[in-house]
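S.K.: With the input below, show me the fold.
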Amino acid sequence: MTARAADRARYDRATAHLDAPVAIVDLEAFDANADDLRRRADGKPIRVASKSVRCRALLERVLARDGFAGIMSFTLAESLWLARSGFEDVLLAYPSADRRSFAELTGDPKLAASVTVMIDDPAQLRLIDDAREGGTEVVRVCLELDTSLKLLGGRVRVGARRSPLYSAAQVAEMARVVTRTPGFRLVGLMAYEGHIAGVGDAVAGRPVHSRAIRMMQATARRELARRRAEVVRAVRAVAPDLEFVNGGGTGSVQYTAAEDAVTEIAAGSGLYVPRLFDNYTSFRGRPAALFAQPVVRRPGVGVVTVLGGGYPASGAAGRDRLPVPYLPEGLAYDPQEGPGEVQTPLLGAPADDLLVGDKVWFRHAKAGELCERFDVLHLVEGDEVTATVPTYRGEGHTFL
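M.R.: Numbering: from 1, shown residues only. Okay, here's the model as predicted:
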């Protein structure tokens with residue numbers, strides 16, 4: 001029996017009492033992935049990206065482990081909710097225009113002490129001030145650096161379009177704006193290198209493409225390490241008491257941790273290891289989060305149909321944004337239908353061994369987005385469900 005077949009047998013036994021659709025997290029795999037992230041971080045603390053987990057119980061589990069400290073959140077409303085729930089160090093990874101939440105933040109000393117907001121433009125400071133509604137608390141601020149790789153004099157750009165702050169001079173000037181503006185305190189700097197951390201460099205069946213990605217990423221790492229060090233020096237000249245410099249992501253943990261200028265690493269997807277993180281030469285994780293759909297039809301030889309399953313991930317549309325049939329091994333989508341909203345035909349020899357009511361296990365393309373489809377996660381240890389915990393959605397929250 002292969003390791004994957006053994007996992008399937010465990011998951012089927014553990015969830016035999018549960019009807020599909022159902023979502024699980026294999027705690028042994030989750031913990032092993034956490035250990036691997038900590039090993040690659042080489043002593044630098046890992047701030048957990050909540051967007052990639054979306055379950056308070058699992059955030060608490062990983063933050064109780066050595067090597068993990070703080071949360072990187074994705075909306076201001078989520079940040080306040082987490083702070084009220086007892087998480088004391090929450091860094092909002094994206095600028096916000098949520099005026100109501102800014103009014104709450106600036107009116108509550110505990111929230112203001114626990115939450116750090118992200119900015120990259122003076123207009124964002126003005127929006128926060130306009131939203132205060134009498135709130136007088138000092139707002140903790142983090143600046144974001146654009147990490148994109150620019151070639152040929154800027155005519156070629158690789159990387160996500162995030163912050164407008166690119167050079168050391170630009171970031172230092174924004175730091176001076178923050179320090180001169182009453183009601184704000186500059187405490188951090190963030191730089192997320194998504195074109196390194198979030199792009200696999202060993203895509204199956206595409207050796208030339210993969211080689212080109214590795215070359216791009218090696219160039220980008222060298223350029224960013226030099227520029228990030230310059231930026232940090234320039235910002236610390238303005239704000240000597242800067243508390244943290246955050247960088248990285250699951251796919252670049254060990255490279256970012258090697259930079260002296262970086263004080264902490266961000267990671268989250270590496271805990272669940274969705275399918276987009278299969279294509280890396282630098283690390284191997286264990287799939288920890290899966291969902292099962294029930295077989296409801298057997299249309300013919302070599303074909304079964306499961307209920308639903310069309311859970312595409314965000315990003316540029318493509319096959320890599322689709323969930324992948326995982327267990328039993330050897331199933332594939334019908335190219336004329338793909339994964340559907342209400343039914344998904346699956347082709348392959350293993351279909352002939354599946355009965356109506358059996359479970360087919362899938363992996364989502366991304367990590368936390370799976371939790372937008374399920375109210376609870378069943379936590380599996382060995383061949384038992386040892387706990388059932390709510391996702392954000394199960395607690396009544398869909399922040400985006």
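S.K.: List the buried residues in stretch 243-260.
M.R.: Of the residues in stretch 243-260, 243-257, 259 count as buried by neighbour count, 16 or more other Cβ atoms under 10 Å. (Each C-beta comes from the backbone N, C-alpha and C, glycine too.)
S.K.: Relative to the whole chain's centre, how far out is it?
M.R.: Centroid displacement of stretch 243-260 relative to its chain, using Cα atoms, centre = their mean, to the nearest Å, is 15 Å.
S.K.: Now for the buried residues of stretch 243-260: which two are most distant?
M.R.: E243 and G251 (25.5 Å; Cβ to Cβ).
S.K.: which residue ranges form the strands in the stretch 301-400 of the chain?
M.R.: With DSSP state E, counting those that start in this stretch, the ranges of strands along the stretch 301-400 of the chain come out as 303-307, 324-327, 332-333, 343-347, 359-363, 376-381, 384-390.
S.K.: so Y392 sits right up against L370, yeah?
M.R.: No - proximity of Y392 to L370 does not meet the contact threshold set by Cβ atoms under 8 Å, at 11.3 Å.
S.K.: out of those two, which sits in the busier spot?
M.R.: Using other Cβ atoms under 10 Å as the criterion, Y392 and L370 rank with L370 on top: 27 against 21.
S.K.: The closest residue to the more buried one other than its chain neighbours - how many residues pack around it?
M.R.: Closest residue to L370 in three dimensions, ignoring its sequence neighbours and counting by Cβ to Cβ, 6 or more residues apart in numbering: H364, at 4.2 Å. With neighbours defined by other Cβ under 10 Å, the count for H364 comes to 27.
S.K.: Check what pLDDT H364 gets.
M.R.: Reading off the confidence values, H364 has pLDDT 97.
S.K.: which residues touch A41?
M.R.: Taking Cβ atoms under 8 Å, 6 or more residues apart in numbering, we find A41 in contact with 67, 253-254, 257, 265, 267.
S.K.: The residues you listed: which two are farthest apart?
M.R.: Of all the pairs that the contacts of A41 form, the one spanning the most space (Cβ to Cβ) is G67 and Q254, at 13.4 Å.
S.K.: Relative to the lengthiest strand in the chain, what are the paired strands and their orientations?
M.R.: Ordering each strand of the chain by length in residues (DSSP state E) puts strand 289-300 first. Strand pairing for strand 289-300, determined by DSSP bridges: strand 22-26 (antiparallel), strand 303-307 (antiparallel), strand 359-363 (antiparallel).
S.K.: Pull out the buried positions in that strand.
M.R.: By neighbour count, with 16+ other Cβ under 10 Å as the criterion, the buried positions of strand 289-300 are 289-296.
S.K.: what is the rounded mean pLDDT of it?
M.R.: Mean pLDDT, taken over the full extent of strand 289-300, equals 97.
S.K.: so how far is it off the chain centroid?
M.R.: On the basis of Cα atoms, centre = their mean, strand 289-300 is displaced by 27 Å from the centre of the chain it belongs to.
S.K.: Grab the CA positions of it and hand them over as PDB.
M.R.: What follows is the C-alpha trace of strand 289-300 in PDB, where atoms were taken according to Å, rounded to 0.1, in the frame of the first residue of the first chain:
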ATOM      1  CA  ALA A 289      -6.000  20.200   4.600                       C
ATOM      2  CA  LEU A 290      -8.300  18.200   2.300                       C
ATOM      3  CA  PHE A 291     -12.000  18.100   1.500                       C
ATOM      4  CA  ALA A 292     -14.100  15.200   0.400                       C
ATOM      5  CA  GLN A 293     -17.100  15.100  -2.000                       C
ATOM      6  CA  PRO A 294     -19.500  12.100  -2.100                       C
ATOM      7  CA  VAL A 295     -19.900   9.800  -5.100                       C
ATOM      8  CA  VAL A 296     -23.500  10.300  -6.300                       C
ATOM      9  CA  ARG A 297     -23.500   8.700  -9.800                       C
ATOM     10  CA  ARG A 298     -21.800   6.000 -11.800                       C
ATOM     11  CA  PRO A 299     -22.400   7.100 -15.400                       C
ATOM     12  CA  GLY A 300     -20.400   4.300 -17.000                       C
END
